[in-house]
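Peer 1: Got a predicted structure plus its sequence, pasted below:
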Amino acid sequence: MAVVIKKPAPGSDFDTPRWHAEAKEIQKFGDVIQDMPHRLDADARAQMVGQLNQLLSDSIVIRDMYKKHHWQVSGPTFYQLHKLFDKHFEQQVELVDTIAERIQLLGGVSIAMGGDAQEMTRIPRPPRGKEEVPVQISRLLQAHKLIMEECHDIADAADKVGDDGTNDMVVSEILRANELQSWFIGQHLVEMPLVNPR
């Protein structure tokens, strides 16, 4: 028996996109799914989700600072820093995704919009205009330091509630990547003579 698919008549509801759709949120920000197949209870997961969302907001901001400085860098080290800032931006994109997925895995809701990250972040907002390279690097180093301290606090809290997955993620992935990036950009502030005097 052949299946016949009728084509909707022009002007019917079947060929009109519904682009003004609205609905209630299916999960509020700050809530965690209560009953899910995870060994941690809802209170422990909620605690970790709260701390991870703070880390996520700060990671989104440092990611965007790297892109800002990539676009606005100038001076004798332009080429090297232009490339390095973009490389670090791409690495931060991956870290942001890793943190957001961990939040979802724990039954929470991750922040996702730049405005939300800006409201939550503890990283001071840079001006819209262009700054000198040492100031750009200094801002990034301060942001890395804050994120590394958060990683330590989250790892400690995760250890206390038995959240081995979060502990491993913040130490092995987020902390180590931020330490490495901080070291790479910090070396651009070391004062070195261009020529060794004999």
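Peer 2: That came in fine, so what should we check first?
Peer 1: okay, CA-based contacts and neighbour counts for the rest of this
Peer 2: OK.
Peer 1: so where do the strands sit in the protein?
Peer 2: Taking DSSP state E as the test, none of the chain falls into strands.
Peer 1: Could you pick out the longest helix of it?
Peer 2: helix 42-72 (DSSP state H).
Peer 1: Only the buried residues of the lowest-mean-pLDDT helix or strand in the chain, if you could.
Peer 2: Across the helices and strands of the chain, mean confidence by mean pLDDT, DSSP states H and E is lowest for helix 114-120: a mean of 95. Across helix 114-120, burial judged by 16 or more other C-alpha atoms under 10 Å covers 117-118, 120.
Peer 1: Now render the residues you listed as a markdown table, adding distance to L56.
Peer 2: Converted to a markdown table, the buried residues of helix 114-120 look like this (distance: C-alpha to C-alpha, whole Å):
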| residue | distance to L56 |
| --- | --- |
| A117 | 8 |
| Q118 | 11 |
| M120 | 9 |
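Peer 1: now for the least confident helix or strand of the chain, which elements pack on it?
Peer 2: When contacts are defined as 3 or more C-alpha pairs under 8 Å, 6 or more residues apart in numbering; DSSP states H and E, helix 114-120 sits against helix 42-72.
Peer 1: Kindly provide the whole-number mean pLDDT of the helix it packs on.
Peer 2: The average pLDDT for helix 42-72 rounds to 97.
Peer 1: Now do the helices in this protein.
Peer 2: Under DSSP H, the chain gives helices at 42-72, 78-105, 114-120, 133-161, 164-169, 176-186.
Peer 1: From the contact counts, what lies against the fifth one?
Peer 2: Using 3+ C-alpha pairs under 8 Å, 6+ apart as the contact criterion, the secondary-structure elements in contact with helix 164-169 are helix 133-161.
Peer 1: What lies in contact with stretch 47-62?
Peer 2: Stretch 47-62 is contacted from outside by 30, 92-93, 95-96, 99-100, 103, 106, 108-111, 114, 116-118, 120-123, 140, 143-144, 147, 150-151, 154, 157-158, 166, using C-alpha atoms under 8 Å, 6 or more residues apart in numbering.
Peer 1: CA atoms only: put that stretch into PDB for me.
Peer 2: Extracted in PDB, the C-alpha atoms of stretch 47-62 (Å, rounded to 0.1, in the frame of the first residue of the first chain):
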ATOM      1  CA  GLN A  47      26.500  23.800  45.200                       C
ATOM      2  CA  MET A  48      28.800  22.700  42.400                       C
ATOM      3  CA  VAL A  49      26.600  24.200  39.600                       C
ATOM      4  CA  GLY A  50      26.600  27.500  41.400                       C
ATOM      5  CA  GLN A  51      30.400  27.600  41.600                       C
ATOM      6  CA  LEU A  52      30.800  26.300  38.100                       C
ATOM      7  CA  ASN A  53      28.500  29.000  36.700                       C
ATOM      8  CA  GLN A  54      30.800  31.600  38.400                       C
ATOM      9  CA  LEU A  55      33.800  30.000  36.700                       C
ATOM     10  CA  LEU A  56      31.900  29.900  33.400                       C
ATOM     11  CA  SER A  57      31.000  33.600  33.500                       C
ATOM     12  CA  ASP A  58      34.600  34.500  34.200                       C
ATOM     13  CA  SER A  59      35.900  32.100  31.500                       C
ATOM     14  CA  ILE A  60      33.400  33.700  29.000                       C
ATOM     15  CA  VAL A  61      34.800  37.100  29.900                       C
ATOM     16  CA  ILE A  62      38.500  36.200  29.600                       C
END
